[in-house]
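> here is my input, please return the structure:
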Amino acid sequence: MAQICPYCGEHNQIKIIDQRVEEIDYAEQLLALQSGEAEMVDVLTVHCVTCGAESAFPPNITASLCPFCGAAIVATATSSRKIKPKSLLPFFIARKQADAAFKAWLAGRWFAPSDLKTRAERSGMNGAYLPHWTYDSHTVTDYTGQRGDDYTVSESYTTYENGRAVTRTRQVTKTRWTSVSGRVENDFDDVLIVATDSLPKDKIDKLEPWDLEHLVPYTDEFLGGFISQAYDVDLPTGFERAKQVMVGVIHRTICADIGGDHQVVAWTNTQYFDISFKHLLLPVWISAYRYHEASYRFLVNARTGEVQGERPHSWIKITLFILMCLMAVLLLFLIVKS
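Sure thing, here's the model as predicted:
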């Protein structure tokens, strides 16, 4: 298996462990965590008090700035026990490609402050593995609600034509409601939940999709030269967030089961069976910079090249643009009037 070198961009061959990437039983893992029998690892991390990120840095990188928020941090490593990741996606997009995407993105920010490009590029681009959970589950949901079926009726009404009252008819759509109840089942596979709150969730979510079918077994060799972030969203919390993803799918399944033209879901009760999970690492290029004490990030999916970014706005530029538009409208009005 080849992975991009973060320094020279060459593809380095890493020997893949001859084993399948398998799901782990969720209930058994919770019991093992409670009894202290779960397979855990001691992770040496640098903690950022500004964004809360806990990151393991390669030996040749100084943790003077947090790669996730751009704040200055003290490079004092602390140890914490974590569930060991079992799989990951290797880096595929090279740093120079991520740098080019960053510069192109900055160049397209019309209303950004004039000095943003210099400040942002100064922060550089870091390769980081972000922790994620995936959850599988079979769900059974009982529900009650109402089904609405549309029908049309003819309705008479009075209007006036040439000062005279005239009776007309029109078709009116009405809805007939009936109470319903039922049960639906769903199967969920690899519901992906980011396991860190130190980065903007909406930006990370928009980096999807990830080619999870190409996951490889975890080995330490893949982390060489890259930052690895430890999870701060634990396993149970991750599953609660996965439920929020599942509930939307379950709701659509219920509406399809109810049928008709309209559906109202009044009550649901969902049971979760055969729950399993994976703890995995996904690769991103990230540039975190600070502007007027606020943090902004630029992220690149290191598998597909998808980019997402945050930036400040220059209200001076926006105001000038509005004034120019108003002047253009006024000038056009004067030309038409004359």
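> ok, then the element right after the helix or strand containing Arg252?
For Arg252, the enclosing helix or strand under DSSP states H and E is helix 235-258. Counting by DSSP H and E, the element after helix 235-258 in chain order, helix or strand, is strand 262-291.
> direction included, what does that following strand pair against?
Using DSSP bridges, the strands paired with strand 262-291 are strand 24-25 (antiparallel), strand 87-88 (parallel), strand 126-161 (antiparallel), strand 294-301 (antiparallel).
> mean pLDDT lowest where, among those strands?
Of all those, mean pLDDT reaches its minimum on strand 294-301 (a mean of 86).
> how far off centre is it?
13 Å (C-alpha atoms, centre = their mean, to the nearest Å).
> residues in contact with Tyr151?
Applying C-beta atoms under 8 Å, 6 or more residues apart in numbering to Tyr151 gives the contacts Thr173, Lys174, Thr175, Arg176. For the C-beta atoms, the positions are set from N, CA and C on the backbone; glycine is no exception.
> what distance do you get for the last one to Trp210?
Here the distance between Arg176 and Trp210 works out to 45 Å (C-beta to C-beta, to the nearest Å).
> kindly report the same for the third one.
With the distance defined as C-beta to C-beta, Thr175 ends up 42 Å from Trp210.
> okay, these two: which has more neighbours?
A direct count of neighbours by other C-beta atoms under 10 Å for Thr175 and Trp210 places Trp210 higher, at 20 against 13.
> residues near the residue nearest to the more buried one when sequence neighbours are not counted, how many?
Closest residue in space to Trp210, ignoring its immediate chain neighbours: Leu282 at 5.8 Å, by C-beta to C-beta, 6 or more residues apart in numbering. Using other C-beta under 10 Å, Leu282 has 23 neighbouring residues.
> does Leu282 really touch Gly127, like I thought?
No. If you go by C-beta atoms under 8 Å, Leu282 and Gly127 don't touch, sitting 11.8 Å apart.
> so Cys51 lies in a helix, does it not?
No. Under DSSP: H, G, I helix; E, B strand; the rest coil, Cys51 sits outside any helix and is assigned coil.
> okay, Gln97 and Gln308: tell me how far apart.
Taking C-beta to C-beta, one finds Gln97 at 15 Å from Gln308.
> neighbour count for these two, which is higher?
Gln308 (19 against 16).
> what helix or strand does the more buried one sit in?
strand 307-309.
> burial measure for Leu44, as a count.
Counted with other C-beta under 10 Å, Leu44 comes out at 12.
> identify the bridge partners of it.
Beta-bridge partners, per DSSP bridges, of Leu44: Ser79.
> go ahead and confirm it touches Lys82.
No. Using C-beta under 8 Å, Leu44 is not in contact with Lys82; the gap is 10.9 Å.
> for the nearest residue to Phe273 once chain neighbours are set aside, what are its contacts?
Excluding the flanking residues, the one nearest Phe273 by C-beta to C-beta, 6+ apart is His138, at 4.6 Å. By C-beta under 8 Å, 6+ apart, the contact set of His138 is Glu185, Asn186, Asp187, Phe188, Tyr272, Phe273, Asp274.
> what sits against the residue nearest to Gly309 when sequence neighbours are not counted?
Excluding the flanking residues, the one nearest Gly309 by C-beta to C-beta, 6+ apart is Phe298, at 4.1 Å. Contacts for Phe298 (C-beta under 8 Å, 6+ apart) come out as Phe102, Trp105, Ala120, Ile286, Ser287, Ala288, Tyr289, Val307, Gln308, Gly309, Glu310.
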